[in-house]
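Chemist: below are the sequence and a predicted model; questions follow.
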Amino acid sequence: MMDSQKLERFFKNECTPAEEQEVLEWFRNEELNAHQEQELAKMWEQETSQPTNDHNPTEILARIKASMHQNYPEMRVAGSEINKETEKLAGKIEWKKWYKMAAAILLPICLLTVVVHYYISERNAAQMVIAETLPGVRKTISLEDGSTITLNGSSKVVYRQHFPDDAREITLTGEAFFEVAKDKSRPFIVKTGPIATQALGTSFNINYRNNAPYIVVALATGVVRIDQEINQNKTELTKLRPNQQLIYDKKTARFELQPYDARVILGWRRGILFFNQASLTEVVSRLENWYGIPIELAGKVPEKTAEWNYTGEYNNQALEDVLTGISFVKDFTFEKKENKIVIHFN
């Protein structure tokens, strides 16, 4: 076996001309046993792993060949081509040795490339988009998969900028209408607290507000599946059909299915505020969310607010006009104090 220190100097391009010729002669004539192959590969790996380009493996191989041409003229041929004999001599370290050496060099690079690519892909996929609306403002969002989300006032959705290959997940707070593009390989899932609504190609409305006791999912077209997840236990609640809504009680974790009035549930998309036998609590809550202003009740407030039963429709009207219209029927006055509305019952 060639002296290891001399080989090390050769790899580093630090040999004298005489030493270099000796190493080349050895490369030319030496047949290596398994142990010597292992030692040489180990030496190559150590040298080429140094953080410098002074002994780039490609340059080392090119230098071996160039030196062979210079020291062994019989191997040269016309032009720049290398004859078969040259390749044979340069290959005296059998190709499997070069494969081992190349693997020692290239494998970490390949792994690094894969890791970097994976990191960049994951980082891009993990970039989150937050879209939200102010009170009384509606906004339509187009997703990269062709789906659209229409946000009602005082609402927010959070989702990945680039959906992964297995699912399209959205987190909603507030109210939104979803028109989902078909993609069987990636179900469209909207998470609202303890329940998740899953669809493939469907349109539906979800109302999930922190100050409301219920989560309401209303299906317009297609089919959706609604799951409940509590303490990491996931169970299917039901599948909705068009014109059906699920009303989920956040306190009791129970639900019921009902038909719905599209004017009440979906009218907001056209700026229509519609009440159908609504309780006082519902009227106040919807007005607060619609106009983004707190409402305080004063005076002789009806004891049975659930039986208040108000029906009316308002098309893109100001809060003062809406309250004036309701007051004619329900006998109250109202005034604006600083940043709130106070309703006085007579």
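Modeler: Yep, that arrived. Numbers count the residues shown, from 1 in each chain.

Chemist: look up how far residue 306 lies from residue 277.
Modeler: Here the criterion is C-beta to C-beta, to the nearest Å. By it, residue 277 lies 11 Å from residue 306. Placement of C-beta: from N, CA and C, glycine included.

Chemist: kindly report the same for residue 297.
Modeler: Note on residue 297: its distance to residue 306, by C-beta to C-beta, is 14 Å.

Chemist: out of the two, which sits in the more crowded spot?
Modeler: The residue with the greater number of neighbours, taking residue 297 and residue 306 and applying other C-beta atoms under 10 Å, is residue 297; the counts read 17 against 11.

Chemist: backbone dihedrals for the more buried one, both of them.
Modeler: According to degrees, to the nearest 10, the main-chain angles of residue 297 amount to phi -100, psi 140.

Chemist: what pLDDT does it get?
Modeler: Reading off the per-residue confidence, residue 297 sits at a pLDDT of 94.

Chemist: residue 242: neighbour count?
Modeler: Other residues within reach of residue 242, judged by other C-beta under 10 Å, total 13.

Chemist: could you check the pLDDT of it?
Modeler: The predicted local distance difference test score for residue 242 is 95.

Chemist: list the buried residues for stretch 166-180?
Modeler: Residues of stretch 166-180 classed as buried by neighbour count (16 or more other C-beta atoms under 10 Å): 168-180.

Chemist: contacts only, for the closest residue to residue 272 other than its chain neighbours.
Modeler: Ranked by C-beta to C-beta, 6 or more residues apart in numbering and with sequence neighbours excluded, the top spatial neighbour of residue 272 is residue 315, at 5.3 Å. Under the criterion of C-beta atoms under 8 Å, 6 or more residues apart in numbering, the contact partners of residue 315 comprise 270, 271, 272, 273.

Chemist: and the third one, how many neighbours?
Modeler: Going back to what we said before, that points to residue 272. By the measure other C-beta under 10 Å, the count of residues near residue 272 is 15.

Chemist: isn't it up against residue 312?
Modeler: No: in this structure, residue 272 sits apart from residue 312 without contact. The criterion is C-beta atoms under 8 Å, and the distance is 11.0 Å.

Chemist: got CSV for the buried residues of stretch 166-180, with secondary structure too?
Modeler: Supplementary listing: the buried residues of stretch 166-180 in CSV, determined by DSSP: H, G, I helix; E, B strand; the rest coil:
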residue, secondary structure
168, strand
169, strand
170, strand
171, strand
172, strand
173, strand
174, strand
175, strand
176, strand
177, strand
178, strand
179, strand
180, coil
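
Chemist: turn these into TSV, including distance to residue 264 and pLDDT.
Modeler: Putting those into TSV (distance: C-beta to C-beta, whole Å; pLDDT from 0 to 100) gives the following:
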residue	distance to residue 264	pLDDT
168	28	96
169	28	96
170	23	97
171	25	97
172	19	98
173	21	96
174	17	95
175	12	96
176	16	98
177	14	98
178	18	98
179	20	97
180	22	96
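
Chemist: so which of these comes closest to residue 285?
Modeler: The nearest member of the buried residues of stretch 166-180 to residue 285, counting by C-beta to C-beta, is residue 175 at 11.6 Å.

Chemist: residue contacts, that closest one?
Modeler: Contact analysis of residue 175 by C-beta under 8 Å, 6+ apart lists 151, 152, 155, 205, 206, 207, 208, 209, 268, 289.

Chemist: ok now do the first one, which residues does it touch?
Modeler: When the contact criterion is C-beta under 8 Å, 6+ apart, the partners of residue 151 are 131, 132, 133, 138, 139, 140, 141, 157, 174, 175, 176.

Chemist: beta-bridge partners for it, please?
Modeler: Residue 151 forms beta bridges with residue 139, residue 176, as assigned by DSSP bridges.
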